[in-house]
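Student: Below is the sequence, then the predicted model.
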Protein chains: 2
Amino acid sequence: MSSSSREAILAAARRTAQARGYNGLNFRDLADEVGIKAASIYHHFPSKADLGAAVARRYWEDTAAQLEAMLTETHDPVRCLRRYPEVFRKALTNGNRMCMCSFMAAEYDDLPDAVKREVQTFADVNVAWLSKLLSAGTRANARKTEQRARAIFAAVAGAQLMARSRSDVGLYDSLIEGYRTAGLLPA
Amino acid sequence: MSSSSREAILAAARRTAQARGYNGLNFRDLADEVGIKAASIYHHFPSKADLGAAVARRYWEDTAAQLEAMLTETHDPVRCLRRYPEVFRKALTNGNRMCMCSFMAAEYDDLPDAVKREVQTFADVNVAWLSKLLSAGTRANARKTEQRARAIFAAVAGAQLMARSRSDVGLYDSLIEGYRTAGLLPA
DNA sequence: CAACGCCTATCTATCAGTTGGTAGGTAACG
DNA sequence: CGTTACCTACCAACTGATAGATAGGCGTTG
């Protein structure tokens, strides 16, 4: 089939990148997982940088869709905001993985420019969604709202990172609860 | 001199690990930076895993000393707590680097066990210090105090990670300000 | 004192494994 | 015939690691 291999490569690369980052991606293991030969990947992606950028782009597109779905499903902005940490929780319960773009933020120095751009877009997407929710109903200072949105995004990413280093989803839940108690997230 | 090479290796490895992680460490570049040959590193460290563990251990030891120094310098617990983000800020102003143990938390799956242990100890050291400050004066629930300490640590690490991905210390400052506004950190 | 053995610190040379990437061929399909 | 999708075979660069040599310093012993 025309694009099933391409999609399979993207899916496998995503899984790997969420566990071992951009540097952890390699063509041989990727090809094995998909069931083709390493050289065949070049038929779908001209270079590792292009593959990385495509994977990161698809990642934020999927996340954006997921967030929008959550919004249509849970109309109340506050309830929706409360559910936000669920998105990052999933990666942990899926083999102690983490947000691909958090990993790549760490790998920043080694990232091709095209990948860097997608990683930043992931953050933008999250912050924009959070800002929308935070400003819903109240007409608060736009700058302050975005600051809050960014703080929530960064804090949740940090919680995921710490929980991963202990392979402990319970720690993640406790950290999120701590954010609620402190007032960063709605209780 | 007996240990000057060993110390130079540790220092260079630390700088690299804060920018490119454990996987970003390699014996040739490290040796070049120190001014010796790659094979000579094996005289001081039996393997890369041992080197990594030694670097991470030294890292949390230094951080612990730095935090203790801050405590004797700034007696007031609240003022001291307010200054905590300075520690993570330094890495960003030092060539857009980041906390070595945050990077290694991302690399968790690829880390030798000995390195994993040191990474976790780094978090323990930070949380213990924060807990001490948070409980000073008030006799609050110990569990709640530690939960708050962990939340602060994770949030600050997340802020550093996000700021790094934009090479923007100003963003870090803004995120910390956001944490203060939200009530996670003392204003 | 001098010869000797030994330790420390470093070197050269090399290895096997892995990496991203390339050249060029093959087979199916419309 | 041309396009798509894949293959085999290969390469240069880089990786952690090892073997074995060298040179200087230090203490012991004849």
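Tutor: Structure's in. What do you need? Numbers count the residues shown, from 1 in each chain, chains lettered A, B, ... in the order given.
Student: Please, where are all the strands along chain A?
Tutor: According to DSSP state E, chain A carries no segments that qualify as strands.
Student: Quick check: longest helix in it by residues?
Tutor: Ranked by number of residues, the top helix in chain A under DSSP state H is helix A:48-73.
Student: Distance-wise, check the residue positioned nearest the centre of chain A relative to residue A:105.
Tutor: With distances taken as CA atoms, centre = their mean, the residue of chain A nearest its centroid is residue A:99 (4.1 Å). Distance, residue A:99 to residue A:105, by CB to CB, to the nearest Å: 9 Å. Glycine gets a C-beta too; all of them are placed from N, C-alpha and C.
Student: burial of the closest residue to residue A:175 other than its chain neighbours, as a residue count?
Tutor: Residue nearest to residue A:175 in three dimensions, not counting chain neighbours: residue A:159, with 3.8 Å by CB to CB, 6 or more residues apart in numbering or on different chains. Using other CB atoms under 10 Å in any protein chain shown as the criterion, residue A:159 is surrounded by 29 other residues.
Student: Over to residue A:70?
Tutor: Counted with other CB under 10 Å, the neighbours of residue A:70 add up to 17.
Student: Return the residues in contact with it.
Tutor: By CB atoms under 8 Å, 6 or more residues apart in numbering or on different chains, the contact set of residue A:70 is A:80, A:83, A:87.
Student: Also near chain B: which of those, exactly?
Tutor: Restricting these to those touching chain B (CB under 8 Å from any CB of the partner chain) yields no residues.
Student: could I get those residues as TSV with distance to residue A:51?
Tutor: Formatted as TSV, these follow (distance: CB to CB, whole Å):
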residue	distance to residue A:51
A:80	33
A:83	32
A:87	24
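Student: quick check, nearest of the residues you listed to residue A:165?
Tutor: Comparing the contacts of residue A:70 against residue A:165 with CB to CB places residue A:87 closest, at 19.6 Å.
Student: And that closest one, how far from DNA strand C?
Tutor: When CB to the nearest atom of the strand, to the nearest Å is applied, the distance between residue A:87 and DNA strand C equals 28 Å.
Student: go on, residue A:21?
Tutor: Here the distance between residue A:21 and DNA strand C works out to 11 Å (CB to the nearest atom of the strand).
Student: Pull the contacting residues for the residue nearest to that residue when sequence neighbours are not counted.
Tutor: With sequence-adjacent residues excluded and distances taken as CB to CB, 6+ apart, residue A:21 is closest to residue A:103, at 4.4 Å. If a contact means CB under 8 Å, 6+ apart, then residue A:103 has A:17-18, A:20-22, B:106 as its contacts.
Student: what sits against the residue nearest to residue A:8 when sequence neighbours are not counted?
Tutor: If the residues on either side of it in the chain are set aside, residue A:8 comes closest to residue A:34, at 4.6 Å by CB to CB, 6+ apart. Taking CB under 8 Å, 6+ apart as the definition of contact, the neighbours of residue A:34 are A:5, A:8-9, A:12.
Student: Which one (most neighbours) among these?
Tutor: Using other CB under 10 Å as the neighbour test, the contacts of residue A:34 are led by residue A:9, with 24 neighbours.
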